[in-house]
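Participant: Next comes the sequence, and after it the predicted model I'd like to discuss.
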Amino acid sequence: MDSLIPFTTSGSLVDCVDRKMLVVLRDGRKLQGVLRSYDQFANLVLEDTVERIYHRDVFAEMWRGLFLIRGENVVLLGEVDLDQEDDVPLRQVEWSDLEPYHKQDILNKKHHEDVKTQVLFEQKGFCKEGGEGDGY
């Protein structure tokens, strides 16, 4: 009966080794690479890693190579479907062309979060304590 219970620990990653994965980190970065190894803390080793940034219907990639990710920084981990990867209706542009727009998107999001935090504090009494990424 116990064999029918699915893994809910890092042991469930065993089927993901040697597959192309998408990893979203707490700081918002999105990485794609081949999962080569992991441990009991869900620390990950990605090979042939690229970082992707997005703005509207375009994206850009920056080569990052071998990447070690501390497990506590992983928000989302998912396999990339290689058959459907090219069907996504996004256009690739150069990193340098897209980076200013991406940075502005990050600043806008931070400002929005700051305003929301201030309203929640003033009107609802929620505490403003905590740091970046505390919401995860």
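Facilitator: Structure received.
Participant: Contacts for stretch 117-133, please.
Facilitator: Applying Cβ atoms under 8 Å, 6 or more residues apart in numbering, the contact partners of stretch 117-133 are 26-27. C-beta coordinates here come from the backbone N, C-alpha and C atoms, glycine included.
Participant: In contact with residue 44, which residues are there?
Facilitator: 23, 35, 37-38, 68-69, 71, 74, 77.
Participant: What of residue 13?
Facilitator: By Cβ under 8 Å, 6+ apart, residue 13 lies in contact with 35, 38, 42, 77.
Participant: that's a strand at it, yeah?
Facilitator: No - counting by DSSP: H, G, I helix; E, B strand; the rest coil, residue 13 is not part of a strand but helix.
Participant: Kindly state the pLDDT recorded for it?
Facilitator: Per-residue pLDDT puts residue 13 at 84.
Participant: One more: residue 117?
Facilitator: At residue 117, pLDDT is 88.
Participant: What strand or helix carries it?
Facilitator: Assessed by DSSP states H and E, residue 117 sits inside helix 95-124.
Participant: to the chain's geometric centre, what's the distance from that helix?
Facilitator: Remark: helix 95-124 is offset 17 Å from the chain centroid, using Cα atoms, centre = their mean, to the nearest Å.
Participant: Assign the residue most central in space within the chain to helix, strand or coil.
Facilitator: Nearest residue to the geometric centre of the chain (Cα atoms, centre = their mean): residue 24, 0.9 Å. Secondary structure assignment for residue 24 (three-state DSSP): strand.
Participant: Show me what the helix or strand residue 36 falls within is packed up against.
Facilitator: Element membership for residue 36 (DSSP H and E) is strand 30-38. When contacts are defined as 3 or more Cβ pairs under 8 Å, 6 or more residues apart in numbering; DSSP states H and E, strand 30-38 sits against strand 20-25, strand 44-55, strand 58-69.
Participant: okay, and for the protein, where does confidence drop off?
Facilitator: Filtered on pLDDT under 70, the chain yields the residue ranges 1-10, 129-136.
Participant: Let's see that with 80 instead.
Facilitator: 1-12, 127-136 (pLDDT under 80).
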